[in-house]
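Engineer: Sequence plus the predicted model coming up.
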Amino acid sequence: MAKQISLLVCSLMLTACQAQTYPLPESQKLSGEKVAQIAATIEQKYPKLPSETRRQLLSTVVQSLDNMVFIEGGEFQMGDFGWPYDDDPENLCDWPCEVEPERMGNITPFGEDDFVHTVKLSNYHLSKFQTTIADFDLFFIAQGRPIFNSERRDRDDLKHFFHSNLPAPTLNWQEAKDYCGWLGQLSGYLVDLPTEAQWEFAARNRGQYVMFPTENGSLNYGRNFPEPGKFDTFPVDQFPPSPLGLYSLSGNATDWVNDWYDKDYYQQSPVDNPKGPSTGTQRVRRGANVLEEPRLNASTVRRWGDEPNQRFYNPGASFRCAIQSASSF
């Protein structure tokens, strides 16, 4: 099978035949022909990279597409929908919990998410995992750039910050945007950062009234959320996924999304596929990082703006990519 696909690469692009010497990976979702097309694109774009690096690039792109979760769009009420004041975060009730309205309070104290509004989304895909350090390193290598913080990686006291399956730190929002666009160029799909509305719809299991983006909607420390007092990020697949199959939507690193930030945007948001303000000075981050108090910060509705340029490669600011596609692969 690998030989047949290699021949298909040659037929798609004759100049790639001399360089392409590795077997092509099998995909859970993509046809052999699509994998061969991606291989041909990589051969054409990076003919001077070592064969092993090109093989790693192909495997990363194919695995990234296999990791995409198809999310059927729909209508939901976006924003802080409220929760009973006295509920237990470790064993939350099923909203609206059969309580009187006066016993229902805001989920977050921040205000930017208070205006509940109708949103309708088209179908899309969202990565089940945050982009890892290993993925991000290949992105740098392919562009002929040194991997980030290379001078620190050999230090015994810092090595644990750079394990390959930790969420990729970012220096700025643009790097996250560029990485997703790069995956799109190599794969032929429309890959980008998710919108803020897409992130929340997915975190709430297609818009359900869910407080925390865990497998059961509650915080069970050590089983579906980091123990209090943990200060380092952890592997992207460490805890169980949400019912949609998405991992670490909160509690590890935050996710950059595509939108500019405006604290009053919810009051102006269009109903259909909102994409955020047309301009701004800050970008939206969603989720919570491992350093934050989860009952205040880790909910599915919390939002805030942050400077798109960080002061250093921030392990608390990562991202996951999305594909704007009306149908599954």
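Structural biologist: Looks like it came in fine.

Engineer: just for the stretch 1-150 of the chain, where's the confidence low?
Structural biologist: 1-20 (pLDDT under 70).

Engineer: Would you map the strands across this structure?
Structural biologist: 68-71, 74-78, 83-84, 104-105, 117-121, 124-127, 170-172, 191-192, 254-260, 283-286, 303-306, 309-314, 317-318, 322-323 (DSSP state E).

Engineer: Tell me how far the fourth one lies from the chain's centre.
Structural biologist: Read that as strand 104-105. 30 Å (C-alpha atoms, centre = their mean, to the nearest Å).

Engineer: Neighbouring strands of it in the sheet, and parallel or not?
Structural biologist: Sheet pairing of strand 104-105 (DSSP bridges) gives strand 83-84 (antiparallel).

Engineer: now the nearest residue to Leu138 once chain neighbours are set aside: how far from Pro243?
Structural biologist: Using C-beta to C-beta, 6 or more residues apart in numbering and skipping the chain neighbours, the partner closest in space to Leu138 is Thr60 (5.4 Å). No exception for glycine: its C-beta is placed from N, CA and C like everyone else's. Distance from Thr60 to Pro243, counting by C-beta to C-beta, to the nearest Å: 27 Å.

Engineer: The two: who's more crowded?
Structural biologist: Taking other C-beta atoms under 10 Å, Thr60 and Pro243 do not tie; Thr60 has more neighbours (21 against 15).

Engineer: ok, Arg295 to Gly251 distance?
Structural biologist: Following C-beta to C-beta, the distance that separates Arg295 from Gly251 is 12 Å.

Engineer: Which residue of these two possesses the greater neighbour count?
Structural biologist: Gly251 (27 against 13).

Engineer: Just give me the neighbour total for the closest residue to Phe76 other than its chain neighbours.
Structural biologist: What sits nearest to Phe76 in space, not counting adjacent residues and going by C-beta to C-beta, 6+ apart, is Gly207, at 2.5 Å. Residues near Gly207, counting by other C-beta under 10 Å, number 21.

Engineer: for Gly207, what are its contacts?
Structural biologist: Gly207 makes contact with Gly74, Glu75, Phe76, Gln77, Met78, Val119, Phe201 under the criterion C-beta atoms under 8 Å, 6 or more residues apart in numbering.

Engineer: The third one: how many residues sit nearby?
Structural biologist: Residues within reach of Phe76, counting by other C-beta under 10 Å, total 21.

Engineer: next one: the first one
Structural biologist: Counted with other C-beta under 10 Å, residues neighbouring Gly74 total 13.

Engineer: Now do the contacts for it.
Structural biologist: Contacts of Gly74 (C-beta under 8 Å, 6+ apart): Lys120, Leu121, Phe201, Arg206, Gly207.

Engineer: Can you tell me how far the last one is from Leu186?
Structural biologist: Meaning Gly207. Distance from Gly207 to Leu186, by C-beta to C-beta: 32 Å.

Engineer: The first one now?
Structural biologist: When C-beta to C-beta is the yardstick, Lys120 and Leu186 sit 31 Å from each other.

Engineer: Neighbour count for the two, which is higher?
Structural biologist: The neighbour comparison of Lys120 against Leu186 (other C-beta under 10 Å) goes to Leu186, with 23 against 16.

Engineer: Pull the contacting residues for the closest residue to that one other than its chain neighbours.
Structural biologist: Sequence neighbours aside, Val61 is the residue nearest to Leu186 in space, at 5.0 Å (criterion: C-beta to C-beta, 6+ apart). Applying C-beta under 8 Å, 6+ apart to Val61 gives the contacts Ile38, Ile42, Leu183, Leu186, Ser187.
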